[in-house]
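>>> Structure, please.
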Amino acid sequence: MKFAILNSVIMNGGDAGIVYGIRDAIKEIFPNAHVSIFARQAREASVFYPDLGLFGMLQDTWTRQRVLAYGLRKSFPLRSALCLMTPGETEFYERLRSMDAIIYCGGGYINNLYSTEVLFRIIKDTLNMKITHMAYAHSFGPFFDDRSRAVAASLLSRFDAITTRDEDSYKLLKKIGVTCKNIRFTADAAFAMQIATDDTLPAKDRAELKRIQAFKLSGSGAPLLFMSVREWGFPGTGDSVSLNTKYRFELRRFVERVIAESDYRICFVSTCQGREGYPYDDSRFAATLFKELPSFTEDRVHICGHPFMPASYPLLIGRCADLVLSMRMHFIIFSIMAGVPFIAIAYEKKSQELARQVGVESFCHEMSKLSADTLYKSFVDVREHLIDIRATVESAFRLLRKRSFENAMVLMSVMPSVTSQEK
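Numbers count the residues shown, from 1 in each chain. I've put the predicted structure just below:
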């Protein structure tokens, strides 16, 4: 069977975890399946994921000359409707016509936080191919206007199956009138990803893991806090400058308190770092934050800029981290997969929902109200109950992994060519 996974932003290591999770879950059910992955920035990403054999999304066929690319993007919905497509756009669709199923990659991009005009037209075009369609472990919304809600509902109602990774998205689909008969609340696709072992760990990831272990050992057995934090512009708030200033200030204060009041060392490491060509690199943000810290923290803080493979993150976290603080949701997911307690900083509802699913919502802090004191209180509380919280996290992972595999079971149930014996 031939499956196409569409619209991955795979240069983000968390989104790459989603892709590997979908692939691994499909391969578990269909061992001989052929999975083709269509991703943004596929050419650049192939350097980091050589085992995937990536294809570019339709947008990747456009020139990189800004003015011309803008014209192609703005005109695409109309050109597609009139069948006036470029050769690259036509080739993109031709590749899809041979597939048995089209899977829109999990994540949170069907909303009004991003432009949806091109995406909605691509979805309409692929639906018209009359191939099995699934939206796989998505978050949906927010939608800010009636037109967006209506278009999303109309398109999603034509899907054969939809799974959501959070309950709010499941409820939203019902609220806006999506009539797809197979809608289920499951779990993020990345939970089904196979975790690296000593035998499968890539050499470069192994070398970086050893460097972090050496940093930890240089502290004479002191525990290690992993921090995954990112630059954030507080879009839609109307007060982004002052909120960003406060956010950085509170992060600095938290780090200073950890250094001054505990024996913990800190390693900054993230799912978005070290991938040349991707506009976001959290290690650069960590470096600017570090420059603003007092000099006494230098031997207690390490900044990692290495782009680990997704499957390596749970192994890295499990081997090196005693506790995790993260803004990146998939770094939290990888922490759960490693059985390591975490504190979450939520800039979107998805992290709050994940913390609720695990049963540690009291350790999730809304970013716009971030306070170093409340963060540090969570840090102290988690340290004091580390064994119990670790058990909670490990138990949650077993359940979430099982629910993640349900995504692939839903896909199997709507495949017309799957025999009753295969089911």
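>>> drop to CA atoms for contacts and neighbour counts, all remaining ones
Fine.
>>> list the contacts for residue 192?
With contacts defined as Cα atoms under 8 Å, 6 or more residues apart in numbering, residue 192 is in contact with 21, 22, 24, 25, 401, 402, 404, 405.
>>> Then residue 338?
Each residue near residue 338 by Cα under 8 Å, 6+ apart is listed here: 314, 315, 317, 318, 394.
>>> mind listing which of those residues are in helices?
Using DSSP state H, 314, 315, 317, 318, 394 are the members of the contacts of residue 338 that sit in helices.
>>> Using TSV, lay out those residues together with neighbour count and pLDDT.
Compiled in TSV, these are given as follows (neighbours: other Cα atoms under 10 Å; pLDDT from 0 to 100):
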residue	neighbour count	pLDDT
314	24	98
315	21	98
317	24	98
318	17	98
394	20	98
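>>> Same list (those) but as JSON lines, adding distance to residue 190.
Listed next are the ones in helices among the contacts of residue 338 as JSON lines, based on distance: Cα to Cα, whole Å:
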{"residue": "314", "distance to residue 190": "11"}
{"residue": "315", "distance to residue 190": "14"}
{"residue": "317", "distance to residue 190": "16"}
{"residue": "318", "distance to residue 190": "17"}
{"residue": "394", "distance to residue 190": "16"}
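>>> And the helices in the stretch 251-400 of the chain?
Secondary structure of the stretch 251-400 of the chain (DSSP state H, counting those that start in this stretch): helices at 282-291, 312-320, 329-338, 349-358, 372-384, 386-413.
>>> before we move on, what about the stretch 1-150 of the chain?
13-29, 42-45, 66-81, 87-97, 117-127, 146-156.
>>> now residue 132, which residues is it bridged with?
For residue 132, the residues forming beta bridges with it (DSSP bridges) are residue 101.
>>> give the contact list for it.
When contacts are counted by Cα under 8 Å, 6+ apart, residue 132 touches 100, 101, 102, 159, 160, 414, 415, 416.
>>> didn't residue 311 look like it was pressed against residue 17?
Yes - counting by Cα atoms under 8 Å, residue 311 does reach residue 17; the two are 7.2 Å apart.
>>> And for residue 285, the neighbour number?
Residues lying near residue 285 (other Cα atoms under 10 Å) number 16.
>>> Residue 217 too?
Neighbour count for residue 217, taken as other Cα under 10 Å: 14.
>>> could you pull out the strands for the stretch 151-300 of the chain?
Counting by DSSP state E, counting those that start in this stretch, the stretch 151-300 of the chain has strands at residues 161-164, 183-185, 224-228, 265-268.
>>> wait, which of those strands is closest to residue 200?
Nearest of the strands of the stretch 151-300 of the chain to residue 200, taken as Cα to Cα: strand 224-228 at 23.0 Å.
>>> per-residue confidence averaged over that closest one?
What strand 224-228 shows for mean pLDDT is 98.
>>> okay, now the domains of the protein?
Annotated domains of the chain cover 2-193, 203-401 [the TED database].
>>> Confidence-wise, which helix or strand of this structure is lowest on average?
Within the chain, no helix or strand scores below strand 107-110, which has a mean of 86 by mean pLDDT, DSSP states H and E.
>>> quick one on the thing from earlier: of residue 311 and residue 17, who's got more company?
Between residue 311 and residue 17, residue 17 has the larger neighbour count (other Cα under 10 Å), namely 28 against 23.
>>> any idea how far that one is from residue 32?
21 Å (Cα to Cα, to the nearest Å).
>>> In the stretch 251-400 of the chain, where is pLDDT below threshold?
The stretch 251-400 of the chain contains residues with pLDDT under 70 at 296.
>>> Surely residue 351 is in contact with residue 343?
No - contact criterion Cα under 8 Å: residue 351 and residue 343 do not qualify, at 10.3 Å.
>>> need the contact list for residue 355.
Shown in contact with residue 355 (Cα under 8 Å, 6+ apart): 344, 361, 363, 364.
>>> From those residues, list the buried ones, please.
Among these, those scoring as buried are 344, 361, 363, 364 (criterion: 16 or more other Cα atoms under 10 Å).
>>> hey, what's the first one bridged with?
Going back to what we said before, that points to residue 344. Taking DSSP bridges, one obtains residue 326, residue 364 as the residues bridged to residue 344.
>>> What degree of burial does residue 134 show, as a neighbour count?
Neighbour tally, residue 134, other Cα under 10 Å: 26.
>>> Contacts only, for it.
Per Cα under 8 Å, 6+ apart, neighbours of residue 134: 101, 102, 103, 104, 159, 160, 161, 162, 163, 411.
>>> So for it, what's the pLDDT?
In this prediction residue 134 is given a pLDDT of 98.
>>> please begin residue numbering at 505 from this point
Sure thing, new numbering starts at 505, so read that last one as residue 638.
>>> separation between it and residue 661?
From residue 638 across to residue 661, the span is 11 Å (Cα to Cα).
>>> Which residue, neighbours along the chain excluded, lies closest to residue 869?
Spatially, and ignoring its direct neighbours in sequence, residue 869 is nearest to residue 849 (4.9 Å; Cα to Cα, 6 or more residues apart in numbering).
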